[in-house]
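Peer 1: this one's sequence-less:
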């Protein structure tokens, strides 16, 4: 498979002519870097990736956004260096069995353990993966792996849904094993086209994911009854993980304000015995969410004196601690002060932002790819606010 320069540079014909000349002397990667400064002045701003700012768009408008994003650089490109250890193998070599964890050598481990866990390196990670496209351009399988990973970084870390969709679609078009239909559906929804998202989810069919990603996305789009139907089918077909379907049904109902139903689903999980297959964690999550919901209707920001209030709730790897600042009857800040999460993605900043924007813990959707972390922040925030009520 070949990636044409136009897919990584810019659609403007003048810029393409310049790129051709520069590329003869410096090669494509240097050409791309040199043209970024020019492109930033010549091109309009990159597509908005803020999900709460996404306005409804037609299919054609979303397709145009995706096409443009895939052929223009992000606005941060020129200021982000290509930075990686000189010992790093960029060809996606897999470590032999029982090999010690060596992120300085293996690219997959470097992305997982160094890039994902350090927000300051997220853009560097995308920059590096763009570089691997060039490195692996003559190896079809490794090129596809680079595309897929690039889409994952753009969506999970940078929340750049247009670029994520562009690269996931290229990977999936080349090899079905690298398709990401649920992630693509989420991108379409975040970009403003519910029709495209629903079409992708309907085509995907039943939810075969452990964390009920299909259920969550139907709920995010406001299709709660569909989400519950999909969850019910999953619980019926996979009794060993039915507790996860019930837990996510509770989350779907909670986000929609259907608290009585949410409590009923959480209750089913909270009383299950045993620890098999993540049940213990789900049971703790169900109990924490039940505790949080019970204070929802009591919360009144006007009855909370100015100050900072703290609390905690169960996250993926342990307790999440938050500090919530209230001033003048408004939530001024929500900060995660301590946590043990290794892969929180953008949930540590995005979930607090959503709470502040909405001035409530009600109806806050959890952050995709870090659902447990987001859920813990919401629950801890509700408990913190409750502790300050007078």
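Peer 2: In hand now; what should we look at? Quick caveat: nothing in here was measured; it's all calculated off a predicted structure. Numbering: from 1, shown residues only.
Peer 1: only C-alpha atoms for contact and neighbour calcs from this point on.
Peer 2: OK.
Peer 1: What segments of the stretch 251-390 of the chain are strands?
Peer 2: Using DSSP state E, counting those that start in this stretch, the strands of the stretch 251-390 of the chain run over 307-314, 319-327, 330-338.
Peer 1: so what does the last one touch, helix or strand wise?
Peer 2: The one in question is strand 330-338. Packed against strand 330-338 by the contact rule (3 or more Cα pairs under 8 Å, 6 or more residues apart in numbering; DSSP states H and E) you find strand 319-327, helix 347-358.
Peer 1: hmm, 10 Å instead?
Peer 2: strand 307-314, strand 319-327, helix 347-358, helix 371-387 (3 or more Cα pairs under 10 Å, 6 or more residues apart in numbering; DSSP states H and E).
Peer 1: Please state the offset of the first one from the chain centre?
Peer 2: I take that to be strand 307-314. 24 Å (Cα atoms, centre = their mean, to the nearest Å).
Peer 1: List the neighbouring strands of that strand plus their orientation.
Peer 2: strand 319-327 (antiparallel) (DSSP bridges).
Peer 1: For the partner strand, give the mean pLDDT please.
Peer 2: If you average the pLDDT over strand 319-327, you get 95.
Peer 1: ok and it relative to helix 371-387, angle-wise?
Peer 2: Orientation of strand 319-327 against helix 371-387 (axes from the mean of the first three to the mean of the last three Cα atoms, to 10 degrees) gives an angle of 50 degrees.
Peer 1: With adjacent residues omitted, what lies nearest to residue 271?
Peer 2: Leaving aside its chain neighbours, residue 271 sits nearest to residue 283 (7.5 Å; criterion: Cα to Cα, 6 or more residues apart in numbering).
Peer 1: Hmm, the one you found is touching residue 277, no?
Peer 2: No: counting by Cα atoms under 10 Å, residue 283 stays clear of residue 277, with 11.5 Å between them.
Peer 1: what sits in contact with each of the two?
Peer 2: Common neighbours of residue 283 and residue 277, counting by Cα atoms under 10 Å, 6 or more residues apart in numbering, are 243-244.
Peer 1: which one of those two has more residues nearby?
Peer 2: Between residue 283 and residue 277, counting by other Cα atoms under 10 Å, residue 283 is the more crowded of the two (24 against 13).
Peer 1: hang on, the earlier thing: would you list the strands of the stretch 251-390 of the chain in a markdown table and tack on distance to residue 121 and mean neighbour count?
Peer 2: A markdown table is the format used below for the strands of the stretch 251-390 of the chain (distance: least, Cα to Cα, whole Å; neighbours: other Cα atoms under 10 Å):
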| stretch | distance to residue 121 | mean neighbour count |
| --- | --- | --- |
| strand 307-314 | 27 | 21 |
| strand 319-327 | 23 | 21 |
| strand 330-338 | 20 | 18 |
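Peer 1: Any chance of those in a markdown table with distance to residue 100 as columns?
Peer 2: Output for those, formatted as a markdown table (distance: least, Cα to Cα, whole Å):
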| stretch | distance to residue 100 |
| --- | --- |
| strand 307-314 | 30 |
| strand 319-327 | 28 |
| strand 330-338 | 29 |
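Peer 1: what sits against residue 263?
Peer 2: Going by Cα under 10 Å, 6+ apart, the list of residues near residue 263 reads 247, 250-251, 253-254, 269-270, 286-287, 289-291, 293-294.
Peer 1: Then residue 384?
Peer 2: Counting by Cα under 10 Å, 6+ apart, residue 384 touches 292, 308-312, 321-325, 378.
Peer 1: Please repeat the previous calculation with a cut-off of 7 Å.
Peer 2: Counting by Cα atoms under 7 Å, 6 or more residues apart in numbering, residue 384 makes contact with 309-311, 324.
Peer 1: what's the answer for residue 369, then?
Peer 2: By Cα under 7 Å, 6+ apart, residue 369 lies in contact with residue 156.
Peer 1: ok, it to residue 226 distance?
Peer 2: Going from residue 369 to residue 226 by Cα to Cα, to the nearest Å gives 21 Å.
Peer 1: same deal with residue 313?
Peer 2: With Cα to Cα as the criterion, residue 313 and residue 226 are 29 Å apart.
Peer 1: Let me know the pLDDT of the residue nearest in space to the middle of the chain.
Peer 2: Nearest to the mean C-alpha position of the chain, counting by Cα atoms, centre = their mean, stands residue 156 at 3.3 Å. pLDDT recorded at residue 156 is 92.
Peer 1: before we move on, what about the one 10 residues further on?
Peer 2: If you check residue 166, the pLDDT there is 98.
Peer 1: try the one 3 residues further on
Peer 2: We have a pLDDT of 96 for residue 169.
Peer 1: check which helix or strand covers it.
Peer 2: Secondary structure assigned from DSSP states H and E places residue 169 in helix 161-174.
Peer 1: in that helix, what's buried?
Peer 2: Of all the residues in helix 161-174, those buried under the rule 16 or more other Cα atoms under 10 Å are 161-172, 174.
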